[in-house]
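**Q** sequence? don't have it. structure:
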């Protein structure tokens with residue numbers, strides 16, 4: 001078997017466990033020096049390949065790589081950069097192949113969500129037509145948990161744990177003050193089109209009346225009167241109302257409650273964030289209740305200190321499995337997590353063509369009849385994903401995370417304008 005080098009890159013919004021996947025990829029590759037040569041990491045995702053900014057991971061000690069397992073964010077840098085279709089931007093794809101050829105790269109591992117799996121699929125296609133075959137393995141990662149086929153996406157379990165714990169603790173705070181102070185608390189969480197993260201807030205509930213009392217999903221159109229009636233009922237019944245709202249909460253015509261038309265991300269999506277104050281002002285104006293709100297934002301996806309052990313373990317295993325698939329000669333696949341009947345987890349190679357640009361939404365069977373909570377089926381799905389603790393090491397009261405220097409490999413090609 002010819003020894004080929006590998007290229008690994010992180011894409012999109014980072015998570016508390018994406019570095020655990022990087023750790024799995026690099027450690028597994030180091031176990032096969034006669035099959036995989038140098039593992040290069042792309043500096044800032046796919047941009048690192050286009051700009052020929054490659055990081056030779058051999059410069060890092062085994063201890064540094066092992067520390068990635070408990071370090072949040074993207075150790076090599078990530079990006080929001082969507083490659084257009086091959087017809088629209090053939091030059092970019094040709095540039096990728098040129099860089100891979102120049103550095104003798106035969107394996108491409110792209111760690112990301114829907115758009116990233118699409119990129120890996122397209123690279124596998126054009127590499128064949130250009131006569132320089134690349135084995136492309138997508139590796140799942142997204143806190144939104146919206147990739148098809150895989151049972152869940154690495155990154156989601158830890159966010160789910162953070163959201164459930166945070167709303168539980170904040171609601172205890174509100175409950176203790178509601179007699180003479182705040183009546184309503186709103187926590188806004190990520191989730192543009194899929195309400196998986198918001199749904200996780202329901203795991204804080206242990207018995208009837210426990211917070212959160214209302215969950216707003218993108219899958220359920222927002223009904224102003226129904227919402228205000230529910231808020232009023234909760235305050236009158238429990239003394240307060242605790243709410244988890246997805247950033248993608250929208251009205252019946254599809255309009256987001258909070259979206260800046262002037263601000264879009266690299267993928268052309270409206271920049272969301274701000275549904276919590278919209279709801280808070282609505283409640284204040286219509287019901288007169290004092291409120292507080294919080295935007296979980298980056299805190300929810302970077303909270304490695306409270307990560308789910310299930311999430312960490314399977315993120316790492318996804319990296320290992322990607323190497324295994326590559327060595328087996330598989331191409332244009334993604335290691336998809338499978339929930340087994342015995343409570344264990346496994347993987348299957350899922351075709352990238354069936355994953356690219358496909359979003360998985362919360363099934364109706366997981367959402368309660370009134371649209372403000374989850375069913376037992378939803379709870380049964382979510383609960384295993386937040387199990388176990390996997391604390392990072394601490395020194396002087398602070399977690400210890402590794403920070404890798406980005407010393408770049410010398411370039412062999414001319415610069416490329418993106």
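**A** Looks like it came in fine. Just so it is clear, the model here is predicted, and its values are computed rather than measured.

**Q** ok, longest helix in the chain?
**A** With DSSP state H setting the assignment, residue counts place helix 156-177 as the longest helix in the chain.

**Q** Let's test this: mean pLDDT of it, rounded?
**A** For helix 156-177, mean pLDDT rounds to 97.

**Q** cool, and stretch 190-207?
**A** So the average pLDDT for stretch 190-207 ends up being 96.

**Q** now do stretch 387-407
**A** 97.

**Q** Identify each buried residue in that stretch, please.
**A** 390, 392, 401, 402, 404 (16 or more other C-beta atoms under 10 Å). All C-beta atoms are positioned from the backbone trio N, CA, C, and that covers glycine.

**Q** How about residues contacting stretch 390-401?
**A** 67, 70, 71, 72, 304, 305, 307, 308, 309, 312, 313 (C-beta atoms under 8 Å, 6 or more residues apart in numbering).

**Q** ok, and the most crowded of those residues?
**A** Within the contacts of stretch 390-401, most neighbours by other C-beta atoms under 10 Å means residue 307, with 28 neighbours.

**Q** list the contacts for it?
**A** 16, 17, 157, 158, 161, 389, 390.

**Q** What about the third one, how many residues nearby?
**A** It stands for residue 157. Count around residue 157 with other C-beta under 10 Å applied: 31.

**Q** ok, and the closest non-adjacent residue to it?
**A** residue 311 (3.1 Å; C-beta to C-beta, 6 or more residues apart in numbering).

**Q** Near that neighbour, how many other residues are there?
**A** 28.

**Q** May I ask you to confirm that it is in contact with residue 153?
**A** No - Residue 311 lies out of contact with residue 153 (C-beta atoms under 8 Å); the separation is 9.4 Å.

**Q** Need the distance between the two termini of stretch 238-257.
**A** Using C-alpha to C-alpha, to the nearest Å, the end-to-end distance of stretch 238-257 comes to 27 Å.

**Q** That one: which residues count as buried?
**A** For stretch 238-257, burial by neighbour count (16+ other C-beta under 10 Å) applies to 238, 240-250, 256-257.

**Q** now do stretch 332-342
**A** Going by 16+ other C-beta under 10 Å, stretch 332-342 has these buried residues: 332, 333, 334, 335, 336, 337.

**Q** How about the secondary structure of residue 243?
**A** Recorded secondary structure, residue 243: strand (DSSP: H, G, I helix; E, B strand; the rest coil).

**Q** For residue 290, see how far away the residue lying farthest from the centre of the chain is.
**A** For the chain, the residue at maximal distance from the C-alpha centroid (C-alpha atoms, centre = their mean) is residue 180, at 39.2 Å. Per C-beta to C-beta, to the nearest Å, residue 180 is found 10 Å from residue 290.

**Q** try residue 50
**A** For residue 50 relative to residue 290 (C-beta to C-beta), the value is 51 Å.
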